[in-house]
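Asker: I'd like to go over a predicted model; first the sequence, then the structure.
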Amino acid sequence: MWPKHWMALSAGLAVVLAGCGGSDATGWGSAADEKSAGQSGPAAAVAEFLEAVRTGDDEKAARMLTETARTKTAEMNMEVAPPGSDTASFEVGQVEYLGENRDGARVASTWSDLDENSKRRSDQITWMLRREPQGWRIAGVAATIFEGEPPLLLNFEDPEEMLRKQRWVQEETRRRAKNGDFQARRKKNSEDSIRR
């Protein structure tokens, strides 16, 4: 995913996404399509990474990470891409360059896929990139996990921190679900007592 979809997938394996969802997105198909769409630099790197994720090409997805992220995730036997999905599509959006030398960037994207009810959902994700000798590479991702709260950043170059955050997301999701269930039962009991 991606906010909730991606984060759920990443928590189960190794990284990425969360959800809010709404609009239908169309995807990029190949490197040739990316070039014809006028993408270059960080935007093209994100498109290449997302296409690798979409098609389940884990090796290519891993090659699109920074050297540090590849090394650190390999040390922990982690993959950074969820299973491919032939129903998924994506759009790459605005690029914001960072640093004096413009050697960092944030790239907005929209990931769209079918949810557990076969309804299309779209999630907004921001990718963090760094320019390395071999080109622009992905260092992390930020996505809104819980509506109304700031995005959660997953730093692919620090897998231990990433795992801590993923565990927190899982625990917080369970806590909120339990609390929501408690609130719903409390409201129902309150309504029942009024009806008597």
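Answerer: Thanks, I have the structure now.
Asker: where does N117 fall, phi/psi-wise?
Answerer: phi -100, psi 10 (degrees, to the nearest 10).
Asker: for it, what are its contacts?
Answerer: Neighbouring residues of N117 by C-beta atoms under 8 Å, 6 or more residues apart in numbering: there are none. In this view, the C-beta of every residue, glycine as well, is placed from N, C-alpha and C.
Asker: Quick check: it vs T144, distance?
Answerer: Separation of N117 from T144 (C-beta to C-beta, to the nearest Å) stands at 21 Å.
Asker: And for L50?
Answerer: For L50, the distance to T144 - C-beta to C-beta - is 18 Å.
Asker: These two: which is more packed in?
Answerer: L50 (27 against 21; other C-beta atoms under 10 Å).
Asker: name the helices or strands packed onto the helix or strand hosting that one?
Answerer: Here L50 sits within helix 41-55, counting by DSSP states H and E. Applying 3 or more C-beta pairs under 8 Å, 6 or more residues apart in numbering; DSSP states H and E, we find helix 41-55 packed against helix 31-36, helix 58-63, strand 89-98, strand 104-114, strand 120-132, strand 135-143.
Asker: so how many other residues sit close to the residue nearest to P159 when sequence neighbours are not counted?
Answerer: Leaving out its chain neighbours, the residue that sits closest to P159 by C-beta to C-beta, 6 or more residues apart in numbering is M76, at 4.7 Å. By the criterion of other C-beta under 10 Å, M76 has 11 neighbours.
Asker: Just give the closest residue to R131, not the sequence neighbours.
Answerer: D103 (4.3 Å).
Asker: on that earlier part again, from G140, how far off is the residue nearest to P159?
Answerer: Taking C-beta to C-beta as the measure, M76 falls 15 Å from G140.
Asker: can you check R70 too?
Answerer: Distance, R70 to G140, by C-beta to C-beta: 13 Å.
Asker: the more surrounded of the two?
Answerer: Between R70 and G140, G140 has the larger neighbour count (other C-beta under 10 Å), namely 23 against 17.
Asker: That one and F156 touch, don't they?
Answerer: Yes - contact criterion C-beta atoms under 8 Å: G140 and F156 qualify, at 5.1 Å.
Asker: what do those two both touch?
Answerer: Counting by C-beta under 8 Å, 6+ apart, the contacts common to G140 and F156 are A69.
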